[in-house]
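**Q** the following comprises the amino acid sequence and a computationally predicted model.
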Amino acid sequence: SAAMKVVRTAEKGLRSGGGKKPGSTLKKLDEWDRRRALEIVIARACASYNDLEVAMDYTRTLEGQFLDEIERSYPPDNSLTEQLKMCIKSLSPVTESFKVASNRAIESLVNHLLPKVRAIVNDAVGQDTAGTSFMGSSVMGGTGAATHGSARMNYNLDDDAYEMAQVSEGYMGRLCSALDELLDSLRLHLMPTLSDTLVIGALSTAAKRLELSLRRCHFTALGALSLDSDLRQFLSYAKDRLDSPEITSSTSLYKNCPPLARLSQIALLMNVDDLEDVLDLISSSKRKGHWDLKMEEAKAFLNLRVDFEGKKVNELLKIEDES
């Protein structure tokens, strides 16, 4: 789309530095000018996305107003009145076409950002990768958080490590800050419904990547507590970045972002005090419709708890047919 072309041009423009040679004060002015120009370009690109949403809402409202006016001003059970109604209702396909176009446009934008979201998560948890923000600057150094002395994802914690984790900034704080750097300029200029779609898309991708990283960790009981704290921070971050009150409750957010719901279920599973509690947790959650993990997945995660014997985990969850 035209908006996506503008977005890509903006990114290239900032990374290239506009072709100007660095100076002292001049360099700072150039940087400010380029970022200001980029903000204007982003605002214009977002306006293109917003226009489709506005057109959809306006056409839908116009159709409703016309139909109300016909009901009030024209005789009922009249062939001409019915023909007029049918003519006005022909606006519905137009509204739908605007909706389809808007969905495709914002989906294209989300897909454009997903590789950057994955790079942000990889960098925050400590995997070597280069991350780039929406504005072209490096995210957390761009070469992996672990190489810069920052805490990486680690849940194999003893008492001392757990205490240290409680008083220091962990990877989750850096991850959320980097996501803000990526999304804030777009969220500022997009309509609330489009902004929420963008945020949900980024959260879903981040949650999937976090789950992959968790599968490579080992957990102590204290590490499981630390995981629960980190995911609560991520959930709070998600709620704060969404505009619609309809999706800011935990239940609604989990429904709109299933990968985030899976992370919550993983945290619950990893924090069981005793293996005997696992089946009760799974069955009670399933009854409430709040469980998405397959039994094999639950088994794999429980085997990451260093204080749980693998043989007992496998015996406990040896269920061939899941209902």
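**A** Received the coordinates, thanks. Values in this document were obtained by computation on a predicted structure and should not be read as measured data.

**Q** from now on I want contacts and neighbour counts done on CA atoms only, so please keep to that.
**A** Fine.

**Q** in which helix or strand does residue 188 reside?
**A** helix 171-189 (DSSP states H and E).

**Q** after that helix, heading C-terminal, what element do we hit next?
**A** Under the assignment DSSP H and E, the closest C-terminal helix or strand after helix 171-189 is helix 192-214.

**Q** which elements pack onto that next one?
**A** helix 91-125, helix 171-189, helix 221-241, helix 258-270 (3 or more Cα pairs under 8 Å, 6 or more residues apart in numbering; DSSP states H and E).

**Q** which other residues reach it?
**A** By Cα atoms under 8 Å, 6 or more residues apart in numbering, the list of residues contacting helix 192-214 from outside reads 50, 106, 109-110, 113-114, 117-118, 121-122, 125, 183, 186-187, 238, 241-244, 256-260, 263.

**Q** any idea which helix is longest in this structure?
**A** Identified as the longest helix of the chain according to DSSP state H is helix 25-73.

**Q** looks to me like residue 292 is in a helix.
**A** No. Assigned with DSSP: H, G, I helix; E, B strand; the rest coil, residue 292 falls outside any helix and is coil.

**Q** ok, it to residue 158 distance?
**A** 30 Å (Cα to Cα, to the nearest Å).

**Q** got it, and residue 63?
**A** Noted for residue 63: a distance of 64 Å to residue 158, by Cα to Cα.

**Q** of those two, who's got more company?
**A** Neighbour count, other Cα atoms under 10 Å: between residue 63 and residue 158, residue 63 has more, with 18 against 14.

**Q** so how far is residue 72 from the more buried one?
**A** Counting by Cα to Cα, the separation of residue 63 from residue 72 is 14 Å.

**Q** before we move on, back to that, just the buried ones from the contacts of helix 192-214, in ChimeraX syntax?
**A** Selection of buried members from the contacts of helix 192-214 for ChimeraX, criterion 16 or more other Cα atoms under 10 Å:
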select :50,106,109,110,113,114,117,118,121,122,125,183,186,187,238,241,242,243,256,257,258,259,260,263
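
**Q** if we can go back for a sec, can you pull the buried residues of the helix holding residue 188?
**A** For helix 171-189, by 16+ other Cα under 10 Å, it's 171-172, 174-176, 178-183, 185-187, 189.

**Q** so, low pLDDT: which residues of the stretch 101-250 of the chain?
**A** Residues of the stretch 101-250 of the chain that meet the criterion pLDDT under 70 lie in 128-150.

**Q** repeat the analysis, applying 90 as the threshold.
**A** Along the stretch 101-250 of the chain, the parts satisfying pLDDT under 90 run over 101-106, 126-152, 165-170, 246, 248.

**Q** any idea how far residue 300 is from residue 313?
**A** For residue 313 relative to residue 300 (Cα to Cα), the value is 9 Å.

**Q** shared neighbours, the two?
**A** With Cα under 8 Å, 6+ apart, residue 313 and residue 300 have no common neighbours.

**Q** how many residues are close by residue 42?
**A** Number of residues near residue 42 (other Cα under 10 Å) recorded here: 26.

**Q** equivalent analysis for the one 3 residues further on, please.
**A** Summarising burial for residue 45: neighbours were counted as other Cα under 10 Å, giving 21.

**Q** how close does it get to residue 189?
**A** Counting by Cα to Cα, the separation of residue 45 from residue 189 is 9 Å.

**Q** go on, residue 230?
**A** To residue 189, residue 230 is 29 Å away according to Cα to Cα.

**Q** hang on, residue 55 packs against residue 97?
**A** No. In this structure residue 55 lies outside contact range of residue 97 using Cα atoms under 8 Å: 10.2 Å.

**Q** end to end on stretch 154-171, go ahead and measure it.
**A** Terminal residues of stretch 154-171 lie 9 Å apart, using Cα to Cα.

**Q** for the remainder of this discussion, apply numbering that starts at 31.
**A** With the count now opening at 31, the last piece we talked about shows up as stretch 184-201.

**Q** what residues of it count as buried?
**A** If you call a residue buried by 16+ other Cα under 10 Å, then stretch 184-201 has these buried ones: 184, 185, 186, 187, 192, 195, 200, 201.

**Q** which residues touch it?
**A** 154-155, 180-183, 247-250, 252-254, 256-257.

**Q** from these, list the buried ones, please.
**A** 154-155, 180-183, 248-250, 252-254, 256-257.

**Q** and residue 215, how far from residue 126?
**A** The value you get for residue 215 to residue 126, if Cα to Cα is used, is 28 Å.

**Q** how about residue 203?
**A** 40 Å.

**Q** no more questions from me, cheers.
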